[in-house]
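Undergrad: Sequence first, then the predicted structure, then my questions.
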Amino acid sequence: MSDLTTIHPEASGEIKTEIKKLKRELTLLPLFGLMYFTVSGGSFGIEALIGWSGPGLAILLIILTPLIFSLPNVLMVRELGTMMPAEGGYYHWIKKAFGPFAGFLAGWNNWVVTWLDVTIYPLLAVYYLGFFFPALREGTMIGGIEVSAELLSWLLAVIIIWLISWMQIRGARLSGMFTNWLGIFMIMPLVVMAILGIYSWIASGTTISLPFLPEGESLVGAFSVGLFVVMWNYMGWELPSVAGDEIVNPRKTYPRAMTLVLIAAILTYLLPVLGGLYGGGGDDGRYQLWGIEGGDEGIGPVLEEYGVTPEQMDVWGVDPSSTVGWEFPEIGQAVANKLGNPSLALVLGGWLTIAAVLSMIGLFTGNSLGGSRVPFALAEDGMFPRWMVKVHGKYGTPWVAIVLVGIIYSIFSISAFAFLVVADVFLQCLVILAEFAAMWKLRFSEPDRPRDRVPGGWLGLILVTAGPTIIILVAFISQYLEAGFSSIGWALGFMALGMILYFPIKKYLKPGVPDIDPFVSGVD
């Protein structure tokens, strides 16, 4: 009878043979594109920060959050990634620090996050396409058969999922270069809107007065919901690390990519927000429209709670029965209208809508890459079925894992689990806290391993750890006080499922499969 200490040469040889097929082809530029669309993915989604937290607090959070949350994350990922650059990334970091159970749970948690989060992006891409193709929102007749909008949207979302999956099988570099070109075309209308807005602001010779908080909102309430939004828009630095064996010179390339993405993300959020607010999208209290959502009765009652009268809504050209407020396409139109150019407003609004589609496709591409490498890394370590460790002989990608997650995404896209976004933020934040703890633990248990340490000695380590830890704990407490236990109940349920699965996996799949050495690449 085999046990966990018995190595099966057949299993070990098969896994090593497959790992050797991985192609190390992610240089700085394609890695930058994939990481950018994992962490940020464009300005779309930040609008709610202004509507819920107020212009002043929103701008403050956009500037401060990357300094006290993202930069420490970048430094932590740099230290752990340069020490252990193997495929699997954060799974191995936490496993090495706290053992196989903690490592498995970290991998499991972030894999579940991709089910809940990544599947939303193709559906959002289809939602934006509905501006140009009404059938996607109203349904249509095909061959005398009525086809619902929901079915059409799902079918198009599945087509997007499998086109991207096919591209990812063809190569990680191809996917990375695709996101670079996608990013260029996506960012162009946002840059134009920002330039027009800032020009209008300067040309007017006046600066409109924008409040720090929304009307009638407390600082605690605005801060808690705003922190949650902006934190979500600056997360994901460790996720591409699971493709460590596919990155050229990962100890240098990964930190450089993170630095460039951090700068790009700050500018991506800050400039369109400033141009939109001061260029026409914030005039006369219109900032209150940014990113708000209404229930069955529309956004009218929500705006009235903020003191907006029906007369003001009429002046703004807002339909109170609409379920959503302003997003960047509408904000861009407001900027162009302030310049007195209705034709430009129509063009810019449509251009920004196309950019939103590209943003959603890019977000799916970047995040799904990490989603496919998690089961591959767990399988090569004996913690998922061995058939998942299959690498394409020609393209050097884990094609079986990519197909598997494509099936999962197709199933989950039947219904967008937007209400579970809080759950996936909770799960991912738990992994981030475990990564910081792993950094501390490995300073003592592996003191001589080469790595790019967090600068500043022990004081630097304390400061880098304190910022994200405090922010995450405040976000957890605020969300619990705001929404109760239900906000984290789903997350705890998914975690419990992972805990239960660990033991039969450890008993039946792991025996005979040697542990991966995370300090040594499996490709080289």
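TA: Received the coordinates, thanks.
Undergrad: Which residues does stretch 88-95 contact?
TA: Stretch 88-95 has contacts (C-beta atoms under 8 Å, 6 or more residues apart in numbering) with 80-81, 84, 86, 102-104, 106-107, 110, 238-244, 373-374, 377-378, 380-381, 431, 434-435, 438-439, 442, 516, 518. Just so you know, the C-beta spots here come from the backbone N, C-alpha and C atoms, and that holds for glycine as well.
Undergrad: err, stretch 260-277, not the other one
TA: With contact meaning C-beta under 8 Å, 6+ apart, stretch 260-277 is reached by 28, 32, 35-36, 39-40, 42-43, 46, 50, 55, 58-59, 62-63, 66, 70-71, 74, 187, 190-191, 193-198, 201, 210, 233-234, 282, 287, 328, 331-332, 334-335.
Undergrad: Please list only the buried members of the residues you listed.
TA: For the contacts of stretch 260-277, a burial check counting by 16 or more other C-beta atoms under 10 Å picks out 28, 32, 35-36, 39-40, 42-43, 46, 50, 55, 58-59, 62, 66, 70-71, 74, 187, 190, 193-194, 196-198, 201, 210, 233-234, 282, 287, 328, 331-332, 334-335.
Undergrad: right, and the helix or strand after the lowest-mean-pLDDT helix or strand in the chain?
TA: Lowest mean confidence among the helices and strands of the chain (mean pLDDT, DSSP states H and E): helix 9-19, at a mean of 72. Once the chain leaves helix 9-19, the next helix or strand it forms, by DSSP states H and E, is helix 28-39.
Undergrad: following that following helix, which helix or strand shows up next?
TA: Downstream of helix 28-39, the first helix or strand assigned by DSSP H and E is helix 47-53.
Undergrad: So which residues of the stretch 301-450 of the chain form strands?
TA: Assigned by DSSP state E, counting those that start in this stretch, the stretch 301-450 of the chain shows no strands.
Undergrad: pLDDT weak spots in it?
TA: Scanning the stretch 301-450 of the chain for pLDDT under 70 picks out 415-422.
Undergrad: What segments of it are helices?
TA: 310-316, 328-338, 342-380, 399-412, 421-445 (DSSP state H, counting those that start in this stretch).
Undergrad: for those, which one sits closest to V118?
TA: Nearest to V118, of all these, is helix 342-380, at 4.6 Å by C-beta to C-beta.
Undergrad: Show me what counts as buried in the closest one.
TA: In terms of neighbour count (16+ other C-beta under 10 Å), helix 342-380 has its buried residues at 344-345, 347-380.
Undergrad: Please write out the alpha-carbon positions of stretch 233-242 in PDB.
TA: Extracted as PDB, the C-alpha positions of stretch 233-242 are listed here (Å, rounded to 0.1, in the frame of the first residue of the first chain):
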ATOM      1  CA  ASN A 233     -10.400  48.300  -8.500                       C
ATOM      2  CA  TYR A 234      -6.800  48.000  -7.200                       C
ATOM      3  CA  MET A 235      -6.600  44.300  -6.400                       C
ATOM      4  CA  GLY A 236      -5.100  41.300  -8.100                       C
ATOM      5  CA  TRP A 237      -1.300  41.800  -8.100                       C
ATOM      6  CA  GLU A 238      -0.500  38.300  -7.100                       C
ATOM      7  CA  LEU A 239      -2.900  36.500  -9.500                       C
ATOM      8  CA  PRO A 240      -0.700  36.400 -12.600                       C
ATOM      9  CA  SER A 241       2.100  34.800 -10.500                       C
ATOM     10  CA  VAL A 242       0.400  31.400 -11.000                       C
END
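Undergrad: so how far is it off the chain centroid?
TA: Averaging C-alpha positions (C-alpha atoms, centre = their mean, to the nearest Å) puts stretch 233-242 8 Å from its chain's average.
Undergrad: do the same with stretch 446-464
TA: 27 Å.
Undergrad: going forward can the numbers begin at 891, since that is how I track them
TA: Taking 891 as the first residue, the last one we looked at is stretch 1336-1354.
Undergrad: Buried residues of that stretch, list them for me.
TA: 1341, 1343-1344, 1351, 1354.
Undergrad: Over to stretch 1353-1362?
TA: Buried residues in stretch 1353-1362 (16+ other C-beta under 10 Å): 1354-1355, 1357-1359, 1361-1362.
Undergrad: Contacts for that stretch next, please.
TA: Outside stretch 1353-1362, the residues that touch it by C-beta under 8 Å, 6+ apart are 955, 958-959, 962-963, 965-966, 1117, 1121, 1319, 1322-1323, 1326, 1329-1330, 1344, 1346.
Undergrad: my read: V1225 touches G1171, true?
TA: Yes: applying C-beta atoms under 8 Å, one finds V1225 in contact with G1171, separated by 6.0 Å.
Undergrad: what residues are shared contacts of those two?
TA: Any residue near both V1225 and G1171 by C-beta under 8 Å, 6+ apart counts here, and that gives G1087.
Undergrad: Which residue, neighbours along the chain excluded, lies closest to R1176?
TA: Using C-beta to C-beta, 6 or more residues apart in numbering and skipping residues adjacent in sequence, the residue nearest R1176 is W1206, 5.9 Å away.
Undergrad: if I look at the one you found, how far off is G1215?
TA: Separation of W1206 from G1215 (C-beta to C-beta, to the nearest Å): 10 Å.
Undergrad: now do L1046
TA: 25 Å.
Undergrad: more neighbours, the two?
TA: G1215 (22 against 18; other C-beta atoms under 10 Å).
Undergrad: quick one: that one and G1188 touch, right?
TA: No: in this structure G1215 lies outside contact range of G1188 using C-beta under 8 Å: 9.9 Å.
Undergrad: Just to check, M925 is in contact with M1148?
TA: Yes: distance between M925 and M1148: 6.8 Å, which falls inside the contact criterion (C-beta under 8 Å).
Undergrad: Overlap in contacts, these two.
TA: In contact with both M925 and M1148: W1127, using C-beta under 8 Å, 6+ apart.
Undergrad: hmm, back to that, closest one of the buried residues of stretch 1336-1354 to L1064?
TA: R1341 (30.9 Å).
Undergrad: Correct me if wrong, but the closest one is in a strand.
TA: No: assessed with DSSP: H, G, I helix; E, B strand; the rest coil, R1341 is coil; it does not lie in a strand.
Undergrad: confidence score at it?
TA: As predicted, R1341 sits at a pLDDT of 94.
Undergrad: Pull the distance from stretch 942-951 to the chain's centre.
TA: 21 Å.
Undergrad: And it, what's buried?
TA: Going by neighbour count (16+ other C-beta under 10 Å), the buried part of stretch 942-951 is 942-945, 947-951.
Undergrad: again, but for stretch 1388-1404
TA: 1388, 1392, 1395-1396, 1399-1404.
Undergrad: Likewise for stretch 1179-1196?
TA: Neighbour-count burial for stretch 1179-1196, with 16+ other C-beta under 10 Å as criterion, is recorded at 1179-1182, 1184, 1188-1190, 1192-1193.
Undergrad: And those, which is closest to L1014?
TA: Closest to L1014 out of those is G1181 (13.6 Å), distances taken as C-beta to C-beta.
Undergrad: Please verify my assumption that that closest one contacts L939.
TA: Yes: contact criterion C-beta under 8 Å: G1181 and L939 qualify, at 7.0 Å.
Undergrad: Nice, that's everything, thank you.
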